[in-house]
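In: give me a model of this one.
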Amino acid sequence: MTARPTPGTEAEDAAESTAGAPAARDIAPPTPDGRTRRSRAEVLTSYLFPVSVGAAILPIVVAATRAIAKGWIPTEDNAFFPIRARDVFTIDHLPLLGVFSSASQTSGFNFNHPGPLLFDLGALPVRLFGGSVGTVVAIALVNGLSVLGIAVFASRRGGPVLGALATAVTAILAWTMGSEVLYEPWNPHSVLLPFLFFLVLVWSVSCGDLLALPFAAGAGSLVAESHLSYSLLVPVLAALAIVLLVLRIRADTKRDPRPARDRWRRAAQYGAVAAVVLVVCWTQPLIEQFTSHGDGNLTLLARSATESRAPTAGFSFGASAVAAVASLPPWWFRPSFDETFKPGWNAPSLAVALLSLAALAAVVGACTWMARRHRDRVSLSALAIAVAALVLGVVTAARSPETAFGKFQVHTLRWAWPIAAFTFLAVGIVVVRRLSSAVNQTTLTGALAVITVVFAVLTLPTANIGLGPTTFSYAQPATRQLERRMGRLEGRGPYLIDDLFHGVFADPYGAAVLAELQRRGVEFVAADPELVRLFGPARRFNGKNARSVLLLRISDATRTPPPGTSRVVHAEGLAAADRRELDRLRTEIAAYTEQGRLRLNARGEAALAAGKLPTLAQGAGAGLDAKPLLASREVDVMTRQRWLELNPTWARRFGRYARLHHDWDRRTVALFVRPVERNEVGAR
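Out: Numbering: from 1, shown residues only. Below is the predicted model of the structure:
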């Protein structure tokens, strides 16, 4: 009769982590040399798990390959990644902080996200493969390694079955995010899979897995440095894991004091490695903190947390936000990533949110009872981390400051999806570990592998969900034109570049222009404090370190150079035939309007009365000057909103005009250059 392990000993932990192993009848007898021959079931299980891991990683590889093949170029905020990643291997411009934080708008002073670790990880790929390809490769590697890490550490907790379960949950989360987000460098999106990896690592640490300690230090640092929305989640969860680890070791020591010294020694060794990882990860922010002129960024972050007078979202919204993703349909599955928290989204009422969270709590409570009944500390640890993450999520959402964009911004709440996915995983761990006593391990692993493969296949098609990197795909052709022609800017720098970011909100071109300037070795500087914090203090304009001012204009503004400038680079938004058609339609519609034939329908009259058409309101009937009306784009608005009474022929003409005009406005861009003026020099 085989002796049962003593409760709380390492033998028990080993027994827990192999729950669901093949029954004794499935294990083949020893070979003549004394080694145990693996059964067919064991061999098959050993293949099913890595196959599921490969399937989960495949959509990342496919999405990255497709982006590279199509020549995707980082634009808008994504273009900051290759700029700062290239800076990593420089002395003057070594990034010490993350990108500028929009939360500065509510604090009264400027600060950045805590650290540049994401740029550090992208430095080598960007140097080797260039800004566009290197960016895709870097983020794909970060996400791919996160998937692999989730699978490996989950399998350390419960063999291939739990590894396959964690892989399936990760594949579902990747499907929810959509293929294009899997290679996007924008910090709210690029840390989602690393955060899920961090949650798995925290669970592993709480289970006593010392190897997870340094990995948790690295993954947690990456997430916390990249976006401020994790500033409470990461450190508190890490502290909880350490507390649970210490309590576990102490409890084991009391039950079996003989190996106590060795356990504490090993814990101290791995803890020292984790401390080294933390120091390495946070060296750059610490350098900035102690060398900055005035308050360092960490001080500013602390001030923003204690001194900001901006109203916060409040507990009601915090509970509703977490419930919307974790406990209310469609939960953390599609289409939640695209629809939840977007403008126009209606938060569930506090009553509905609390009821749904209570239902989730009941499920977690039942799982906790079941795990305690079976002395399943692996499951109990997962449930504890999930509950802590949910509570911290409510607090994080409740503390979100209101901004000029409203009570909340979707990118500050993206952490909700990994937390909901991990909660699902924690419940699944309890269920799977109980099933493993009745169902063959190979069957369970195979079923979970099938789920992974199905969702991996569903993730393969292009899906730009949640404002992913192809949202500004319309700007790609014009950006390519700019890049090809920007050799004309060489020899005129360094450039003062503030104007590139003071134009249209969310303009996709400014940062992409800077990335190409940097690739060509052309220096640039900035006077705006926000830009200085973004690109580093060595790029501060001091009145002497710029020869020219670089200006960017789009749409009709590209036709007339600003005073004192010359147009150097121009990217045409329409093909020649489309431009001729647009000019012809503009002439026809102008004549139609000036003849007094423009008629509003009932909805259009209501819009006019509401003040939504101010240019049109200045005149009516025959004699209306069409030039300002066309220039104001009110004709485009009236056409798209269907506020006009038009016969089929003119409806087609107006519709075609509005579409061409829209493309012209977005895709036509030009760069202008002028000398630095005396007043700009004297103001610094």
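In: just the CA trace of the strand or helix carrying residue 217, in PDB.
Out: Using DSSP states H and E, residue 217 sits in helix 212-226. This file holds the C-alpha atoms of helix 212-226, laid out as PDB (Å, rounded to 0.1, in the frame of the first residue of the first chain):
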ATOM      1  CA  ALA A 212       8.100  32.400 -11.000                       C
ATOM      2  CA  LEU A 213       9.600  35.200  -8.800                       C
ATOM      3  CA  PRO A 214      12.100  36.700 -11.200                       C
ATOM      4  CA  PHE A 215       9.700  36.300 -14.100                       C
ATOM      5  CA  ALA A 216       7.000  38.000 -12.200                       C
ATOM      6  CA  ALA A 217       9.400  40.900 -11.400                       C
ATOM      7  CA  GLY A 218      10.200  41.300 -15.100                       C
ATOM      8  CA  ALA A 219       6.600  40.900 -16.400                       C
ATOM      9  CA  GLY A 220       5.200  43.100 -13.700                       C
ATOM     10  CA  SER A 221       7.800  45.800 -14.400                       C
ATOM     11  CA  LEU A 222       7.000  45.800 -18.100                       C
ATOM     12  CA  VAL A 223       3.300  46.200 -17.500                       C
ATOM     13  CA  ALA A 224       3.600  48.800 -14.700                       C
ATOM     14  CA  GLU A 225       6.100  50.900 -16.600                       C
ATOM     15  CA  SER A 226       4.100  50.900 -19.800                       C
END
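In: neighbouring contacts of whichever helix or strand comes after it?
Out: Following helix 212-226 in sequence order, the next helix or strand is helix 233-255 (DSSP H and E). Contacts to helix 233-255, defined as Cβ atoms under 8 Å, 6 or more residues apart in numbering, come from residues 6-10, 195, 198-199, 202-203, 205-208, 216-217, 220, 223-224, 260, 263-264, 267, 377, 381, 384-385, 388-389, 392-393, 396, 415, 419. For glycine as for every other residue, the C-beta is placed from the backbone atoms N, C-alpha and C.
In: who's in contact with stretch 497-517?
Out: 73-80, 82-83, 131, 472, 475, 478-479, 482-483, 486, 489, 493, 495, 524-528, 531, 549-554, 669, 671.
In: what pLDDT, on average, does it get?
Out: For stretch 497-517, the mean pLDDT works out to 86.
In: how about that stretch: buried residues?
Out: 497-501, 507-517 (16 or more other Cβ atoms under 10 Å).
In: I'd like to know which elements the helix or strand hosting residue 533 is packed against.
Out: Residue 533 is located in helix 529-535, with elements delineated by DSSP H and E. Secondary-structure packing of helix 529-535 (3 or more Cβ pairs under 8 Å, 6 or more residues apart in numbering; DSSP states H and E): helix 80-87.
In: need the strands for the protein, in chain order.
Out: 495-496, 524-525, 548-554, 566-571, 669-675 (DSSP state E).
In: give me the sheet partners of the third one and which way each runs.
Out: Using DSSP bridges, the strands paired with strand 548-554 are strand 495-496 (parallel), strand 669-675 (antiparallel).
In: among those, which is the most enclosed?
Out: Sort those by mean neighbour count, taking mean count of other Cβ atoms under 10 Å, and strand 495-496 sits at the top with a mean of 26.
In: need the contact partners of that strand.
Out: 489, 517, 522-527, 541, 546-550, 673, 676, 680.
In: how about a cut-off of 6 Å?
Out: Residues from elsewhere that reach strand 495-496, judged by Cβ atoms under 6 Å, 6 or more residues apart in numbering: 524, 525, 541, 546, 548, 549, 550.
In: where in the chain is pLDDT low?
Out: 1-39, 41-42, 403-407, 503-506, 619-623, 680-684 (pLDDT under 70).
In: so which residue is dead centre in it?
Out: Central residue of the chain (Cα atoms, centre = their mean): residue 189, 0.8 Å from the mean position.
In: that one against residue 181, yeah?
Out: Yes: at 4.9 Å, residue 189 and residue 181 qualify as touching, with contact defined as Cβ atoms under 6 Å.
In: regarding the chain, what is its longest helix?
Out: Scanning the chain for the longest helix, with DSSP state H as the assignment, gives helix 131-177.
In: what angle separates it from helix 212-226?
Out: If you take axes from the mean of the first three to the mean of the last three Cα atoms, to 10 degrees, helix 131-177 sits at 110 degrees to helix 212-226.
In: who wins on neighbours among the contacts of strand 495-496?
Out: Of all those, residue 550 has the most neighbours under the rule other Cβ atoms under 10 Å, reaching 28 neighbours.
In: could you find the closest non-adjacent residue to that residue?
Out: Excluding the flanking residues, the one nearest residue 550 by Cβ to Cβ, 6 or more residues apart in numbering is residue 495, at 4.1 Å.
In: residue 310 now?
Out: In space, residue 310 is closest to residue 106, 3.6 Å off (Cβ to Cβ, 6+ apart).
In: ok, now how distant is the one you found from residue 305?
Out: Residue 106 is 12 Å from residue 305, where distance means Cβ to Cβ, to the nearest Å.
In: more neighbours, the two?
Out: Counted by other Cβ under 10 Å, residue 106 and residue 305 do not tie: residue 106 has more neighbours, with 17 against 13.
In: okay, and which of the contacts of helix 233-255 map to helices?
Out: Of the contacts of helix 233-255, the ones assigned to helices by DSSP H are 10, 195, 198-199, 202-203, 205-206, 216-217, 220, 223-224, 260, 263-264, 267, 377, 381, 384-385, 388-389, 392-393, 396, 419.
In: ok so, going back, nearest to residue 357 among the contacts of strand 495-496?
Out: residue 524 (49.4 Å; Cβ to Cβ).
In: how deep is residue 379 tucked in, by neighbour count?
Out: Applying other Cβ under 10 Å, we find 30 residues neighbouring residue 379.
In: my guess is it contacts residue 372, does it?
Out: No: contact criterion Cβ under 6 Å: residue 379 and residue 372 do not qualify, at 9.1 Å.
In: circling back to that earlier point, what packs against the longest helix of the chain?
Out: helix 40-69, helix 80-87, helix 117-129, helix 192-206, helix 416-435, helix 441-459 (3 or more Cβ pairs under 6 Å, 6 or more residues apart in numbering; DSSP states H and E).
In: of these, flag the one that's most buried.
Out: helix 192-206 (a mean of 29).
In: just the CA trace of it, in PDB.
Out: The C-alpha coordinates for helix 192-206 follow below in PDB (Å, rounded to 0.1, in the frame of the first residue of the first chain):
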ATOM      1  CA  LEU A 192      -2.500  42.900 -22.300                       C
ATOM      2  CA  LEU A 193      -1.100  39.400 -22.800                       C
ATOM      3  CA  PRO A 194       2.000  40.300 -20.600                       C
ATOM      4  CA  PHE A 195      -0.500  41.300 -17.900                       C
ATOM      5  CA  LEU A 196      -2.300  37.900 -18.200                       C
ATOM      6  CA  PHE A 197       1.200  36.300 -18.000                       C
ATOM      7  CA  PHE A 198       1.900  38.400 -14.800                       C
ATOM      8  CA  LEU A 199      -1.400  37.100 -13.200                       C
ATOM      9  CA  VAL A 200      -0.400  33.500 -13.900                       C
ATOM     10  CA  LEU A 201       3.000  34.200 -12.400                       C
ATOM     11  CA  VAL A 202       1.500  35.800  -9.300                       C
ATOM     12  CA  TRP A 203      -0.600  32.700  -8.900                       C
ATOM     13  CA  SER A 204       2.500  30.500  -9.400                       C
ATOM     14  CA  VAL A 205       4.400  32.500  -6.700                       C
ATOM     15  CA  SER A 206       1.500  32.100  -4.300                       C
END
